[in-house]
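> any chance you could fold what I've pasted below:
(2 chains)
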Amino acid sequence: MPSSLEVGLYVFMLATFVGLEVIRKVSPLLHTPLMSLTNAISAISVVGAILIISNPGATALSKWLGFIAITAAVTNIVSGFLITDRMLKMFKKRGEKH
Amino acid sequence: MASLANYVYLIAGALFILSLKWMNSPVSARRGVMAGELGMVLAIAGTLLNHHNNWEWILAAFLIGSAVGVPIAYLMPMTAVPQRTAMSHACGALAAALVGTAEYYQSQPHGFVMVALIVETLLGFLTFTGSLMAMGKLQEVLPSRPITYRNQNLLNFVLFAAALGIGVRLIFVPSDTFLFPVFIGLALLIGVLLIIPIGGADMPTVIALLNSYAGLSACAMGFALDNHLLVIAGALDGSSGLILSIIMCKAMNRSFTNVLFGAFGQVQASSAKQEQRNYRSASAEEASSILEAASTVIIVPGYGLAVAQAQHKIRELFDNLTRRGVDVKFAIHPVAGRMPGHMNVLLAEAEIPYDKLVEMDDINGEFPQCDVALVIGANDVTNPSARNDPSSPIYGMPILDVDRARTVMVIKRSMSPGFAGIDNDLYYMERTLMLFGDAKAFVGEIVKELPAKVGA
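This next block holds a predicted model:
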């Protein structure tokens, strides 16, 4: 059995290649919304912050650091997804209505 | 239950990939956002399934984060999107760095976990202050010109080496807790010092690069916590930032090292051509009759257009000309704006149809057949010396071939050179007409001249 680290490295390698291929195909038209979308997605660190704060042995320091981390990450998630959608709604073809 | 969470993570990972895949076209892009949102909800729900101790803390943080996030998303003007992006890089990086810090103090892990943790906190804290600096420069709270001093790169290198040294020491002796705050301090300082020498014109590259760092930091967190979903999401963000920064570098004909350590503003404009040169200027009335007679018009917008808030006037001009049967397109240079793709968003906001926004490589072949090229608030990206003059500081930079159009009109406040301080030969060509004035006011005047002539 490969160790968890090895699996992690494989996942990292494959995800990077998938990322490069997928992003390369994104139209330059949408590079700004793309960046705010990836921003929201990388706020997945909220998962790490929840793990830290909910650890039964969490110290007061961990709780406060985790608290700030969740707040920052959730701000990114909420504002990131919403502003991306707000931008994309503006992109219309000729004759398309709201 | 733990394995259920893993399957939920698996689905969330797939949704993130689909989300980015659907961004390949404006038609499917909003579906992409939905996939991303669903992935995020699943990831959070899957985590809470097994980890909901101290839920009051988690709930409070979610409420505060949402309360801050919603107004940001709806109230932020589109011109300020680059600043918001920089700010969210800062938030994301801070979150990763703080989780790393908390984990260190909680368990002082050994081995590879500690390596991942050091990478996570170093990148996280460095990106945090770096992004705040970038945000300050974009918001013009901080001077946007490069700030340089002697031995700058040497100092940065020494600090980086020191941070790395402490990091390695901590990897081998995690119990040296007194070193960790020093490590954090160095990372924060490096972030500030890295961005100080970078000028406003290079911000698109820097933002993209910081995007990549923030992603890699989340990725390192995935290794530290042994969570593959974090690795996937972080790697996607990291590769996206990397691709965007490479595109930006290419668009400016610069290398990464040049952007990060070169301080572009230091390049002195070749001041040899100081002699008085002749140019022709025209009034709004003349400009409108030329536009009216044209059958194809390419508008070349630059960031000056957004500064003058002229987007909506441009739309009126676009509508008016289109109604007359003139074929109007927009030529978008990759660095037109303050971040990758920014100009497209600004024009889309003014309700200009996106199929009329054409990228540089696709439109350059059309300039020779185009009757009028109308340059508004763009300068260096239209400068033919980037193509012809090896002594020019921007030589080699890909430009829009505006000079090949049959008639060129440039709306500009005065003849003063642009951001990089480089004179533009385009303005002195025989078929170039200079239209002096504020972009918004001048375009407004052109539009006003147009309808009066219907049927005349």
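
> for the rest of this, base every contact and every neighbour count on C-alpha atoms.
Will do.

> mind listing what's buried in the helix ranked longest in chain A?
Counting residues, the longest helix found in chain A (DSSP state H) is helix A:60-90. Across helix A:60-90, burial judged by 16 or more other Cα atoms under 10 Å in any protein chain shown covers A:62-88, A:90.

> where does the stretch 151-300 of chain B get nearest to chain A, residue-wise?
Closest residue of the stretch 151-300 of chain B to chain A, Cα to the nearest Cα: residue B:236 (4.7 Å).

> that residue: helix or strand, and which one exactly?
Under DSSP states H and E, the secondary-structure element containing residue B:236 is helix B:228-251.

> cool, and residue B:330?
strand B:327-332.

> which other helices and strands does that strand contact?
Counting contacts by 3 or more Cα pairs under 8 Å, 6 or more residues apart in numbering or on different chains; DSSP states H and E, strand B:327-332 packs against strand B:296-301, helix B:311-323, strand B:357-359, helix B:360-363.

> okay, now the domains of chain B?
For chain B, automatic domain parsing gives the domain ranges B:82-265, B:280-453.

> pick the most buried one from the ones you listed.
Compared across the domains of chain B, domain B:82-265 shows the largest average neighbour count, a mean of 23 (mean count of other Cα atoms under 10 Å in any protein chain shown).

> tell me how far the residue nearest the centre of chain A lies from residue B:33.
Residue closest to the average C-alpha location in chain A (Cα atoms, centre = their mean): residue A:41, at 1.5 Å. Distance, residue A:41 to residue B:33, using Cα to Cα, to the nearest Å: 10 Å.

> take the domains of chain B and lay them out in a markdown table including mean pLDDT.
Formatted as a markdown table, the domains of chain B follow (pLDDT from 0 to 100):
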| stretch | mean pLDDT |
| --- | --- |
| domain B:82-265 | 91 |
| domain B:280-453 | 90 |
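
> so how far is the host helix or strand of residue B:188 from its chain's centroid?
Taking DSSP H and E as the definition, residue B:188 sits inside helix B:179-195. Counting by Cα atoms, centre = their mean, to the nearest Å, helix B:179-195 is centred 24 Å from the centre of its parent chain.

> who does that helix touch, helix- and strand-wise?
helix B:111-138, helix B:152-172.

> between helix B:111-138 and that helix, find me the angle.
Here the directions of helix B:179-195 and helix B:111-138 differ by 40 degrees (axes from the mean of the first three to the mean of the last three Cα atoms, to 10 degrees).

> for helix B:179-195, list the C-alpha coordinates in CSV.
The C-alpha coordinates for helix B:179-195 follow below in CSV (Å, rounded to 0.1, in the frame of the first residue of the first chain):
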residue,chain,number,x,y,z
LEU,B,179,11.6,30.4,16.6
PHE,B,180,8.1,30.2,15.1
PRO,B,181,7.1,33.8,15.7
VAL,B,182,10.4,34.9,14.2
PHE,B,183,9.6,32.8,11.2
ILE,B,184,6.1,34.4,10.9
GLY,B,185,7.6,37.9,11.3
LEU,B,186,10.1,37.2,8.5
ALA,B,187,7.4,35.9,6.2
LEU,B,188,5.2,38.9,6.7
LEU,B,189,8.2,41.3,6.1
ILE,B,190,9.2,39.4,2.9
GLY,B,191,5.7,39.8,1.6
VAL,B,192,5.9,43.6,2.0
LEU,B,193,9.4,43.9,0.6
LEU,B,194,8.7,41.8,-2.5
ILE,B,195,5.8,44.0,-3.7
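
> what does that helix contact?
B:121-123, B:125-131, B:133-134, B:156, B:159-160, B:162-163, B:166-167, B:170, B:260 (Cα atoms under 8 Å, 6 or more residues apart in numbering or on different chains).

> and residue 46, what helix or strand is that in?
As the question left the chain open, I've gone with chain A. Using DSSP H and E, residue A:46 falls within helix A:45-54.

> oops, I was thinking of chain B
Following DSSP H and E, the helix or strand that holds residue B:46 is helix B:29-50.

> buried residues in that helix, which are they?
Those buried within helix B:29-50 under the rule 16+ other Cα under 10 Å are B:29-40, B:42-48.

> packing partners of the longest helix of chain A?
Judged by 3+ Cα pairs under 8 Å, 6+ apart, the packing partners of helix A:60-90 are helix A:31-42, helix A:45-54, helix B:29-50, helix B:55-75, helix B:81-107, helix B:342-349.
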